[in-house]
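Participant: Predicted model and sequence below, questions to follow.
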Amino acid sequence: MKHLNFKYVTKSRHSILIDRQDIILWRQRYLRKIKEYRREGRYIYYQDETWINEGHAPKKAWIDQTVLSSRQAFLDGLTTGLKQPSGKGKRLIIGHIGGEEGFVEDSLLIFEAKKNKEDYHQEMNADSFEKWFRGVLPKLKPNSVVVMDNAPYHSRKLESLPKMSWTKPRILEWLTSKNISFEATMVKATLIDIVRQHKQEHCDKYVVDEMAAQHGIIVLRLPPYHCELNPIELVWAQAKGYVARNNKTFKMTEVKKLFEEGLQHITPEKWNSCVSHIIKKEDKMYGLDHMIDNVTDRFLINVTESDSDDFLSDNE
């Protein structure tokens, strides 16, 4: 183990598991903002993408325990059921947007993936998403809010930030255009450091945010790793469940048809129920952050007192 740079040490009993500070901060900002928008009477839309394979089927099924083999089933004139494909098969990429009144009409984005990669996000790009979003915006209510995650194709910057691959004259030109002070004798690394210091001031705008703002609409981004705060995740689960229950051919055309049918079964009432469930989760999460503050404060006090006691006992 020593050759692997492991060290045998005494473990401290004083430990507590909490979220990263930046995640807590982002979550609290999000929760405060969405509560504020609801108080203002703004309509909240929820946007997301998902995927489904042509081999999508239930993971569990009822079986007859009296039938011990496929041969016995054959001799008894029984069937062993529909044979599922050995692999997951081709994949559909789906995007949509909706709220407590249901899906936005004629806003479904659905296409077959070119490559069956593990991460479906690699099948989407900023150009295709922005084109779809541009067509959706005129259909949304005025002064509304669109909740979405921070996928790369949602987050293309309005303006590129200088980087080390840029030529020095190009970096100098960018700094000059932003009225940022610099010395021409500075090396590229120093100039890029100056750029980083002004990053938030000059390059913190997203293309989709500006597109939405032109329609009087606000884009609100979910905190990282918090997809559970998006009710459309519950909607996806219902639509996929419909596909799993009815998928008999495991063909892409059938799966696409079934998924679209599944979405039609998601009524405004079901959407409203999903949103209500998420609002309760938001309230619980908001309170939990404050509860964690209290717990960690007590923990720190106890640790400090314990360390003091240990110090005194060591010096007696």
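Facilitator: That came through fine. Numbers count the residues shown, from 1 in each chain.
Participant: going forward, measure contacts between C-alpha atoms and count neighbours the same way
Facilitator: Will do.
Participant: hang on, residue 249 in a strand?
Facilitator: No - counting by DSSP: H, G, I helix; E, B strand; the rest coil, residue 249 is not part of a strand but coil.
Participant: Number of residues surrounding it?
Facilitator: When counting by other C-alpha atoms under 10 Å, one arrives at 15 neighbours for residue 249.
Participant: mind listing what it touches?
Facilitator: Contact partners of residue 249, counting by C-alpha atoms under 8 Å, 6 or more residues apart in numbering, are absent.
Participant: Need phi/psi at it.
Facilitator: The phi/psi pair for residue 249 (degrees, to the nearest 10) reads phi -110, psi -20.
Participant: what about residue 272, distance to residue 100?
Facilitator: Shown here: residue 272 relative to residue 100, a distance of 4 Å by C-alpha to C-alpha, to the nearest Å.
Participant: okay, those two: which has more neighbours?
Facilitator: The residue with more neighbours, out of residue 272 and residue 100, is residue 100; 20 against 16, by other C-alpha under 10 Å.
Participant: what about residue 218, how many residues close to it?
Facilitator: So residue 218, with other C-alpha under 10 Å, has 22 neighbours.
Participant: so where do the helices sit in the stretch 101-250 of the chain?
Facilitator: Remark: helices assigned in the stretch 101-250 of the chain by DSSP state H, counting those that start in this stretch are 126-136, 168-177, 188-197, 199-202, 207-213, 232-246.
Participant: Tabulate those in a markdown table, adding columns for distance to residue 261.
Facilitator: Below are the helices of the stretch 101-250 of the chain laid out as a markdown table (distance: least, C-alpha to C-alpha, whole Å):
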| stretch | distance to residue 261 |
| --- | --- |
| helix 126-136 | 21 |
| helix 168-177 | 51 |
| helix 188-197 | 49 |
| helix 199-202 | 44 |
| helix 207-213 | 29 |
| helix 232-246 | 8 |
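Participant: For residue 43, find the nearest of those.
Facilitator: With C-alpha to C-alpha as the measure, helix 207-213 is the member of these nearest residue 43 (14.1 Å).
Participant: Run through the neighbouring helices and strands of that closest one.
Facilitator: Using 3 or more C-alpha pairs under 8 Å, 6 or more residues apart in numbering; DSSP states H and E, the elements in contact with helix 207-213 are helix 126-136, strand 218-221.
Participant: show me where pLDDT drops low in the stretch 101-250 of the chain?
Facilitator: 116-122, 202 (pLDDT under 70).
Participant: 90 - rerun?
Facilitator: 114-124, 157-162, 178, 184, 196-205 (pLDDT under 90).
Participant: Could you pull up the mean pLDDT of stretch 257-270?
Facilitator: Mean pLDDT, computed over stretch 257-270, is 97.
Participant: and the end-to-end length of that stretch?
Facilitator: 21 Å.
Participant: in that stretch, what's buried?
Facilitator: Along stretch 257-270, these residues count as buried under the neighbour rule (16 or more other C-alpha atoms under 10 Å): 258, 259, 260, 262, 263, 266, 270.
Participant: Could you report the neighbour count for the closest residue in space to the fifth one that isn't next to it in sequence?
Facilitator: Meaning residue 263. In this structure, residue 263 finds its nearest non-sequential neighbour in residue 239, 5.6 Å apart by C-alpha to C-alpha, 6 or more residues apart in numbering. Applying other C-alpha under 10 Å, we find 19 residues neighbouring residue 239.
Participant: Wait, residue 239 touches residue 259, no?
Facilitator: Yes - counting by C-alpha atoms under 8 Å, residue 239 touches residue 259, with 6.1 Å between them.
Participant: Please tell me I have it right and residue 55 contacts residue 89.
Facilitator: Yes - Residue 55 lies in contact with residue 89 (C-alpha under 8 Å); the separation is 5.7 Å.
Participant: Show me which of the two is the more surrounded one.
Facilitator: residue 55 (23 against 15).
Participant: I'd like the distance between the more buried one and residue 262.
Facilitator: From residue 55 to residue 262 the distance is 16 Å (C-alpha to C-alpha).
Participant: Likewise for residue 51?
Facilitator: Where residue 262 is concerned, residue 51 sits at a distance of 14 Å (C-alpha to C-alpha).
Participant: show me what contacts the nearest residue to residue 230 once chain neighbours are set aside?
Facilitator: The shortest distance from residue 230 to any non-neighbouring residue, by C-alpha to C-alpha, 6+ apart, is to residue 46 (6.6 Å). Listed by C-alpha under 8 Å, 6+ apart, the contact partners of residue 46 are 97, 98, 99, 146, 147, 148, 230, 231, 232.
Participant: Just confirm residue 46 is within a strand.
Facilitator: Yes - according to three-state DSSP, residue 46 belongs to a strand.
Participant: That one and residue 201, how far apart?
Facilitator: Where residue 201 is concerned, residue 46 sits at a distance of 28 Å (C-alpha to C-alpha).
Participant: Number of residues surrounding the residue lying closest to residue 268 once chain neighbours are set aside?
Facilitator: Closest residue to residue 268 apart from its sequence neighbours, by C-alpha to C-alpha, 6+ apart: residue 102 at 4.2 Å. For residue 102, the count of nearby residues is 17 (other C-alpha under 10 Å).
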